[in-house]
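Colleague: Here's my sequence, what's the structure:
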Amino acid sequence: MNFVTRNTRIYISDYANYIIKKIDVNHMKLQKLLYYSYAAYLFKYKESLSVNLVEAWQKGPVFKRL
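Modeller: So this is what the prediction gives:
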């Protein structure tokens, strides 16, 4: 995917809109996809994908901005 490259910091809502345009997802699935993307980017580049922080909630990771 060429949507995000190194040193790109985005708002998580922009990335969510990108995913929503590509596939049909419910809110919980969207949160999980965003989290896995966030984690993969963090692992690969050792820096945060988004200017928004992820929070640990009872049912999984959540980006409160969404």
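
Colleague: Can you pull up the most central residue in this structure?
Modeller: Leu34 (2.8 Å; CA atoms, centre = their mean).

Colleague: Could you point out the helix or strand that follows the host helix or strand of that one?
Modeller: Counting by DSSP states H and E, the element that carries Leu34 is helix 27-45. For helix 27-45, the following helix or strand on the C-terminal side (DSSP H and E) is strand 55-57.

Colleague: ok, residues contacting that next one?
Modeller: 61-64 (CB atoms under 8 Å, 6 or more residues apart in numbering). For glycine as for every other residue, the C-beta is placed from the backbone atoms N, C-alpha and C.

Colleague: Turn those residues into JSON lines, including secondary structure.
Modeller: As requested, the contacts of strand 55-57 are arranged in JSON lines below (DSSP: H, G, I helix; E, B strand; the rest coil):
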{"residue": "Pro61", "secondary structure": "strand"}
{"residue": "Val62", "secondary structure": "strand"}
{"residue": "Phe63", "secondary structure": "coil"}
{"residue": "Lys64", "secondary structure": "coil"}
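
Colleague: So the residue of the chain most remote from its centre versus Lys21, what's the distance?
Modeller: Relative to the centre of the chain, the most outlying C-alpha is that of Gln58, 18.1 Å out, by CA atoms, centre = their mean. From Gln58 across to Lys21, the span is 29 Å (CB to CB, to the nearest Å).

Colleague: List the contacts of Leu33.
Modeller: Leu33 touches 19, 25, counting by CB under 8 Å, 6+ apart.

Colleague: That concludes my questions; thank you for your assistance.
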